[in-house]
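Chemist: What follows is a predicted structure for the sequence shown.
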Amino acid sequence: MKKISRIIILCISIMLIVIGCSKKDPADNANSDITPTPSVTDEEGGNTNTLPLENPIIKEDYDFNDYIKLGQYKGIEVKAEKLEVTDEDVDIAIQEELYDYGATPVEVTDRPVRLGDTVNIDFVGYHNGEAFDGGSANGYDLTIGSGAFIKGFEEQLIGAELSKEIEVNVVFPENYSYTKLAGEPAVFKVTINKIQYFELTEDIIKDLGFESEEAYRNQLLQELTERKAESIQQQKENYIYDTVIKNSEITLPENLVEYYANDFKTIYNNIAASYGYDLESFISLSGYSMEEFEKDVQYYSTTMATRELVIKAISSLEGIEVTDEEFQAKVTEYAENYGYESAEEFLAEADVEALKDDMLFEKVIDFLVAESVEI
C-alpha cells in the first residue's frame, strides 16, 4: 500500500475544518481546458513534485496570556438532544441502499414527490439574483430525506409535481466552506424529471446477507442510531467550543495567523503539484476563484490560530497534557491505518507537533464536554 505523505497527514484535521461542512463537490465543475504542468512520478506511480512557497513563515515564540483572556469555559449549558431513529428514517435509508445496490426503480407518474422517493432533478442556484458556480446540475438523483443537500432543500421538494419548476429557498450554513455563500440566502429553481422508488424484495435481502427484512431493518436501525449519536455528540462539542470562544477576549498574534495561512497555501500547493497542476489552475479546476481561495485561507488561518490560543490557555490552567503513552498509541494507530510498516517509519514523515496539537485539542474538548451541563 502506498504510504501517505506529511501533507495528507495534516489534511486529516484541516479538511474537516475548512471543507467538511460543504455539500458542494467542486470537482463537478472541472474545466477540461486546463492543462496540467509536467510532473515527476515515483516508482510506485504517485507524483512526487512539490512547489514549496518562496517565503515560508516560521512560527515565533509568544506568551499566550498576552493574547487571550478566557471567559466562562466550565459549566456551559447545552440543550439535551433526544436520540431517536424512526421507522421513516429506516425507510429512507433502505431507499438509499437500494439505489446504490442498483435495484430496478419503480417509476411514478400519478402523484407528487413523497418523503423517501428518489427524484431526478435539474436545478440552478441563485444568490442575489445571479447564478453561482457549483450551484447547478442536470439529471441529478436525490433521495428525499437523505440529508444530502443543505437543510430545507429536500423538504421543499415534497409535493412537487413532475416536469414543473419550483423555487426552493434556503440559507447556507454560517460555516459553509464556500465563503461567498456562508450564512447567505439563496434560491434554487428546480425541475422534477422523474419520481422513483425501490421495492425491497426477498432476493435483494438475501443478496445483502440477511435472512429476513426484520433482520435487515434492525441492522440499519443500529447503524443509524450510532450515526445519529455521533452527530449529536459532534454538535454538542461544536456548540461548547464556539461558546467558549464567544465568552473569551482574543487577539490573534499576526505571526501566528501568517504561519497558518502559509501552512494552508503550502498544503494546497503540494496537492496541486501532486496532480500535475500549478496552484492557480488547480483552484480554478475546483470551481473557485483565487479571491475566494484567499478568503478560505483567511478563515482557516484565523480558525487555527484561535484554536491554538484556546488549547494553550485551557490546558495550562487545567493541567491537561498528552502523555508519551497516549502519543505512542495514536502513532501506532495511524501507522497501522495508513499502511506503514512501523510507528517509527510513520514518525519519520509525520508532523509531530501537528499530531500532538490535534490530540491535545481532543483532550481539551473532552474536558469541556465533561464540565458542561445539559438542560
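Modeler: Noted; the coordinates are in hand.
Chemist: How much space separates the residue of the chain most remote from its centre from Q156?
Modeler: Distance from the centre of the chain peaks at D110, with 38.0 Å (C-alpha atoms, centre = their mean). Noted for D110: a distance of 22 Å to Q156, by C-beta to C-beta, to the nearest Å. From N, CA and C alone the C-beta is placed, and that goes for glycine too.
Chemist: cool, and Q222?
Modeler: Q222 is 31 Å from Q156, by C-beta to C-beta.
Chemist: Residue ranges in the chain under the pLDDT threshold?
Modeler: 1-55, 177, 179 (pLDDT under 70).
Chemist: Would you map the strands across it?
Modeler: 68-69, 77-78, 106-108, 118-127, 130-143, 165-171, 185-197, 249-250, 373-374 (DSSP state E).
Chemist: what sits up against the second one?
Modeler: Right, strand 77-78. If you take C-beta atoms under 8 Å, 6 or more residues apart in numbering as the criterion, strand 77-78 is touched by 236, 239-240, 372-375.
Chemist: and what of the longest one?
Modeler: Contacts with strand 130-143, where a contact means C-beta under 8 Å, 6+ apart, come from 24-26, 28-29, 92, 95-96, 99, 116-127, 148-149, 154, 157, 178, 180-181, 186, 188, 193, 287-288.
Chemist: relative to strand 185-197, how tilted is it?
Modeler: Going by axes from the mean of the first three to the mean of the last three C-alpha atoms, to 10 degrees, strand 130-143 is angled at 30 degrees with respect to strand 185-197.
Chemist: Can you show me the CA trace of strand 130-143 as PDB?
Modeler: This file holds the C-alpha atoms of strand 130-143, laid out as PDB (Å, rounded to 0.1, in the frame of the first residue of the first chain):
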ATOM      1  CA  GLU A 130     -27.200  35.700 -10.100                       C
ATOM      2  CA  ALA A 131     -26.400  32.000 -10.800                       C
ATOM      3  CA  PHE A 132     -23.400  30.900  -8.800                       C
ATOM      4  CA  ASP A 133     -20.600  28.500  -9.600                       C
ATOM      5  CA  GLY A 134     -21.200  24.900  -8.400                       C
ATOM      6  CA  GLY A 135     -24.900  25.600  -7.800                       C
ATOM      7  CA  SER A 136     -26.400  23.900 -10.800                       C
ATOM      8  CA  ALA A 137     -26.800  20.400 -12.200                       C
ATOM      9  CA  ASN A 138     -28.800  18.400 -14.700                       C
ATOM     10  CA  GLY A 139     -30.100  14.900 -14.200                       C
ATOM     11  CA  TYR A 140     -29.100  14.700 -10.500                       C
ATOM     12  CA  ASP A 141     -30.600  11.800  -8.500                       C
ATOM     13  CA  LEU A 142     -31.600  12.700  -5.000                       C
ATOM     14  CA  THR A 143     -33.300  10.600  -2.300                       C
END
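Chemist: ok, that strand: who's next to it in the sheet?
Modeler: Strand 130-143 has the following strand partners under DSSP bridges: strand 118-127 (antiparallel).
Chemist: returning to that earlier point: between the contacts of strand 77-78, which is closest to Y67?
Modeler: Distance to Y67 across those (C-beta to C-beta) is lowest for I240, with 21.2 Å.
Chemist: and that closest one, what is it in contact with?
Modeler: Counting by C-beta under 8 Å, 6+ apart, I240 has contacts 76, 78, 365, 368-369, 372.
Chemist: Recalculate using a threshold of 7 Å.
Modeler: 76, 78, 368-369, 372 (C-beta atoms under 7 Å, 6 or more residues apart in numbering).
Chemist: Let me have these in TSV, extended by neighbour count and distance to F293.
Modeler: Shown next, in TSV, are the contacts of I240 (neighbours: other C-beta atoms under 10 Å; distance: C-beta to C-beta, whole Å):
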residue	neighbour count	distance to F293
I76	19	34
V78	16	35
L368	22	32
V369	15	34
S372	19	36
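Chemist: farthest pair in those?
Modeler: V78 and L368 (10.1 Å).
Chemist: Tell me how far the helix ranked longest in the chain lies from the chain's centre.
Modeler: Using DSSP state H to assign secondary structure, the helix with the most residues in the chain is helix 213-247. Remark: helix 213-247 is offset 15 Å from the chain centroid, using C-alpha atoms, centre = their mean, to the nearest Å.
Chemist: May I see the buried residues of that helix?
Modeler: Buried residues in helix 213-247, counting neighbours by 16 or more other C-beta atoms under 10 Å, are found at 216-217, 220-221, 224, 228, 236-237, 240-241, 243-245.
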